[in-house]
Structures are given as structure tokens and as C-alpha cells.
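*Asks:* coords below, sequence missing:
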């Protein structure tokens, strides 16, 4: 079952299935969101925006709208 990263629960590890086409697709790929990469949602703000995500050896903060461009499946 796949879903977008913006709707996933904090504290879980997911595997990137694909980055949906948009003007931000290349930037998301450069940040490490490529197919098969494991990502972990560390924290979500009270209203779900922004989200802290661990990608490899670093943590980044992203908007929910950006996270919704990343399709993932539970690991």
C-alpha cells in the first residue's frame, strides 16, 4: 500500500516509491528522495506542517505540500 509522505505517521520508516512529477521533482531527488531510499518521519508540527524527515545521514524540514509529492510505502 503506497501513500504520500505528508500523510504518514511520525516515528515510522518508509521506502520511497517515486517522486511525483512537479517543478520540485529535481530538487527532491537532489535531496535524496530517490526510489528505494529509506526515510523516517521524526516529527510533525501540531497542524502537520512542517515535517522533520531523516534522509540518510541528515535531517531536513519540509512543508506538507512538498512531502505530498513523495510517494512511499511502509518498510
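*Replies:* Structure's in. What do you need? Keep in mind the model is a prediction, meaning the values are calculated, not measured. Numbering: from 1, shown residues only.

*Asks:* which other residues reach the helix or strand bottoming out on mean pLDDT in the chain?
*Replies:* Sorting the helices and strands of the chain by mean pLDDT, DSSP states H and E puts strand 2-4 at the bottom, at a mean of 85. For strand 2-4, the surrounding residues in contact (C-beta atoms under 8 Å, 6 or more residues apart in numbering) are 17, 20, 67, 68, 69, 70, 71, 72, 73. Quick note: C-beta positions are derived from backbone N, CA and C, even for glycine.

*Asks:* what separation is there between the closest residue to residue 56 other than its chain neighbours and residue 66?
*Replies:* Among residues not flanking residue 56 along the chain, residue 32 sits closest, at 5.5 Å (C-beta to C-beta, 6 or more residues apart in numbering). Using C-beta to C-beta, to the nearest Å, one gets 13 Å for the distance from residue 32 to residue 66.
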